[in-house]
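Novice: need a 3D model of the following:
(one chain, ligands or ions: 1)
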Amino acid sequence: MESVKPVGVFDSGVGGLSVWREIVQHLPHESTIYLADQAHVPYGPRALDQVQALSEGIVRFLLSQGCKIVVVACNTASAAALHDLRRIFPGVPFVGMEPAVKPAVEQTRNGVVGVIATQATFQGALFASLVERYGGDARVLTRICPGLVTAVEAGALDTPRTEALLRECLTPLIDAGIDQLVLGCTHYPFLQPIIEWILGPEVHVIDPAPAVARQVSRVLARRNMEAGPGQVSCHTFYTSGDAGAFSVMLGRLLPLHAKDVDVRAIRWRGNCLR
Ligand code: DGL
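Specialist: As a prediction, this is how the structure comes out:
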């Protein structure tokens with residue numbers, strides 16, 4: 001029965017947990033398998049074809065675990081690989097991330113919006129096509145934020161160094177007068193309180209994760225694959241990095257009880273995860 005199978009979710013690290021928590025809140029009966037490729041985090045500075053190959057290996061692993069849908073909870077992997085993943089795995093439903101340019105342009109009052117994301121996300125064809133389709137007359141300003149993903153991975157959510165990195169990244173956007181800021185990397189919602197504090201009340205911050213969770217729900221419903229109310233959900237987490245360190249971060253980032261958490265280490269052997 002498809003409905004009892006888990007929802008697969010992956011990211012380079014802990015960032016995709018900002019999407020995972022929305023999925024679990026929106027679809028409480030679904031079981032999930034989350035995979036963090038911490039052996040390769042950050043993905044952002046890597047070549048697109050390398051991120052593609054890593055994403056393909058991860059999807060093969062998630063499918064081998066029986067996942068009924070794969071959520072690419074990583075803007076960088078979505079930009080680099082989503083198109084190819086849909087071609088390589090034609091029967092598999094995928095939901096990916098894309099920077100929320102459309103809602104930002106719809107909501108801007110002054111026509112100036114900012115997007116923060118990784119270098120690879122801006123390089124992919126996906127971002128250019130979003131700006132072309134939805135940018136309209138708005139000025140869409142982009143910034144990469146070197147070091148931020150690594151800071152979140154290290155749990156440095158509110159340190160002076162993280163604040164300094166954010167100020168360096170956001171100041172040109174503030175000076176340009178943005179009134180919308182799109183979080184174009186799934187690690188950044190964990191910094192949203194400090195981002196909002198730096199930007200001030202005039203700038204609206206957009207995290208696309210709730211919309212992605214609704215899309216997962218729609219795709220499952222369309223295929224009659226939703227878990228029913230009688231199903232007991234179970235959540236498994238894999239990391240290609242250090243399982244102990246990942247468990248600690250899970251506890252910091254999400255309100256989970258230790259008893260609910262099953263964290264396992266997994267290793268790359270060539271192009272395969274085992
Ligand atoms: N969280 C990811 C994203 O949304 C990956 C960031 C990285 O690994 O550089 O882009």
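
Novice: state the helix or strand in which residue 232 lies.
Specialist: Residue 232 belongs to no helix or strand when assigned by DSSP states H and E.

Novice: so it versus residue 30, what's the distance?
Specialist: The gap separating residue 232 from residue 30 is 11 Å, by C-beta to C-beta, to the nearest Å. C-beta: built from backbone N, CA, C; applies to glycine.

Novice: who has more neighbours out of these two?
Specialist: residue 30 (25 against 8; other C-beta atoms under 10 Å).

Novice: ok, the more buried one - contacts?
Specialist: With contact set as C-beta atoms under 8 Å, 6 or more residues apart in numbering, residue 30 has these partners: 6-7, 23-24, 220, 226-227, 231, 233.

Novice: switch to 6 Å and redo it
Specialist: 7, 227, 233 (C-beta atoms under 6 Å, 6 or more residues apart in numbering).

Novice: which bits of the stretch 51-200 of the chain sit near the ligand?
Specialist: With the criterion set to C-beta under 6 Å from any ligand atom, the stretch 51-200 of the chain comes near the ligand through 74-76, 118, 121, 149, 185-187.

Novice: what does stretch 54-62 contact?
Specialist: Residues from elsewhere that reach stretch 54-62 (C-beta under 6 Å, 6+ apart): 8, 10, 35, 40, 70, 77, 81, 85, 271, 273.

Novice: keep only those of those that are in helices.
Specialist: 77, 81, 85 (DSSP state H).

Novice: residue 212: which of those is nearest?
Specialist: residue 77 (13.4 Å; C-beta to C-beta).

Novice: and that closest one, how far from residue 194?
Specialist: Counting by C-beta to C-beta, the gap from residue 77 to residue 194 is 25 Å.

Novice: now swap in residue 128 and tell me
Specialist: Distance, residue 128 to residue 194, using C-beta to C-beta: 30 Å.

Novice: residue 168: which of the ones in helices among the contacts of stretch 54-62 is nearest?
Specialist: Using C-beta to C-beta, the ones in helices among the contacts of stretch 54-62 come closest to residue 168 at residue 77, 25.5 Å.
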